[in-house]
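S.K.: build me a model:
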Amino acid sequence: MKETKQTTLPILEMAKENEEFRQVLWTGEKTQLVLMAIPSGGEIGGEVHEGHDQLLYFVEGNGEANIGETKVDVKTGDVSIVPSGVYHNFRNTGSEMLKLYTTYCPPEHAPGTEHETKGEADAEES
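M.R.: Prediction:
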């Protein structure tokens, strides 16, 4: 799906149907909405966003959140909060895709960004 200008979306359905590692849905001046799908055994990759808060809403699957010094299990219905400047990584520990949507405040990725795989995302970002 290309980036949308719609202001109301069926986000749970969209997140559950998404098969791409990263898909930017909407970018505003101060916020960005992104779908993500992490394969079994995969991870987002450890990172720090300076100047960006991030919230991750899990809609399917099981995983592990590493935020700062804390490691916790995550599952459907959980939200993880990553304050600006804090190291974080999310790993899929289940046998099915870990599906989520996330918001960045302010935006982190170029509008319309799509990465089918983590490898594609890593190659573009390096």
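S.K.: use CA for all of it now, contacts and neighbours both
M.R.: OK.
S.K.: tell me how far the helix or strand of the chain with the lowest mean pLDDT lies from the chain's centre.
M.R.: Lowest by mean pLDDT, DSSP states H and E among the helices and strands of the chain is strand 114-115, with a mean of 72. How far strand 114-115 lies from its chain's middle: 12 Å, per C-alpha atoms, centre = their mean, to the nearest Å.
S.K.: so what's the closest residue in space to Val82 that isn't next to it in sequence bridging to?
M.R.: Spatial nearest neighbour of Val82, excluding adjacent residues (C-alpha to C-alpha, 6 or more residues apart in numbering): Gln54 at 5.1 Å. Beta bridges link Gln54 to Val82, Tyr104 when assigned by DSSP bridges.
S.K.: residues in contact with Gln54?
M.R.: With contacts defined as C-alpha atoms under 8 Å, 6 or more residues apart in numbering, Gln54 is in contact with 81-84, 102-105.
S.K.: any of those buried? List them.
M.R.: Among the contacts of Gln54, the ones that count as buried by 16 or more other C-alpha atoms under 10 Å are 82-83, 102-105.
S.K.: what residue ranges in this protein score low on pLDDT?
M.R.: Applying pLDDT under 70 to the chain flags the ranges 1, 107-111, 125-126.
S.K.: run through the strands of it in chain order.
M.R.: 22-27, 32-38, 53-60, 62-67, 70-75, 79-82, 88-92, 98-105, 114-115 (DSSP state E).
S.K.: and the gap between Ala15 and Pro83?
M.R.: 23 Å (C-alpha to C-alpha, to the nearest Å).
S.K.: kindly apply the preceding question to Tyr57 instead.
M.R.: Relative to Pro83, and taking C-alpha to C-alpha, Tyr57 is found at 15 Å.
S.K.: which of the strands of the chain sits closest to Gln6?
M.R.: Between Gln6 and the strands of the chain, the shortest gap by C-alpha to C-alpha is with strand 22-27, which sits at 8.2 Å.
S.K.: picking up where we left off before, the least confident helix or strand of the chain pairs with which strands?
M.R.: strand 22-27 (antiparallel).
S.K.: fine by me, thanks again.
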